[in-house]
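Peer 1: everything below, folded, please.
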Amino acid sequence: MSAEIDVDQLVQVMANGARVIDVREPDEYAEARVPGVQLIPLATIPDAVDELATHDDTVYVICRSGARSLRAADYLNANGVEAVSVAGGTMAWIQRGLDYETGEGA
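Peer 2: Prediction:
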């Protein structure tokens, strides 16, 4: 099973320039997301492995509550990409009172 961090740890790694991907669906992403995350829906993760593998840094994976991100991180780790899931996901981020974005985004 992949490693997990909580949203407080995510704030710290993002401050250091960590790469974060959001594996929810586009409508969920538009509803509310952590600022600066890249949308790669869970179903498209296999297609993104090669691109994600070109980076040496750990990829942090977030979803709504932590279940899909853990599945995605497990898949990525099994395919040569160092990935860590964010426990509690976007919901924990919002409940923590941290800033978030809405709308279609990038």
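Peer 1: buried sites along the longest helix along the chain?
Peer 2: Ranked by residue count, the top helix of the chain under DSSP state H comes out as helix 67-78. Buried positions in helix 67-78, judged by neighbour count with 16 or more other Cβ atoms under 10 Å: 68-73, 75-77. Where you see a C-beta, it was placed from the backbone N, CA and C, and this is true even at glycine.
Peer 1: ok, of those, which one's closest to Tyr29?
Peer 2: For the buried residues of helix 67-78, the residue nearest Tyr29 by Cβ to Cβ is Arg68; the value is 12.2 Å.
Peer 1: can you tell me the helix or strand for the residue lying closest to Tyr75 once chain neighbours are set aside?
Peer 2: Spatial nearest neighbour of Tyr75, excluding adjacent residues (Cβ to Cβ, 6 or more residues apart in numbering): Ile45 at 5.8 Å. In this assignment (DSSP states H and E), Ile45 forms part of helix 45-53.
Peer 1: what's that helix in contact with?
Peer 2: 21, 23, 40, 59, 72, 75-76, 79-81, 83 (Cβ atoms under 8 Å, 6 or more residues apart in numbering).
Peer 1: between the residues you listed, which is nearest Ile5?
Peer 2: Using Cβ to Cβ, the contacts of helix 45-53 come closest to Ile5 at Ala83, 11.2 Å.
Peer 1: next, the closest one: phi, psi?
Peer 2: phi -130, psi 150 (degrees, to the nearest 10).
Peer 1: quick one: contacts for it?
Peer 2: 2, 52, 58-61, 72-73, 76-77.
Peer 1: 10 Å instead?
Peer 2: 2-3, 19, 21, 45, 52, 58-61, 69-70, 72-77 (Cβ atoms under 10 Å, 6 or more residues apart in numbering).
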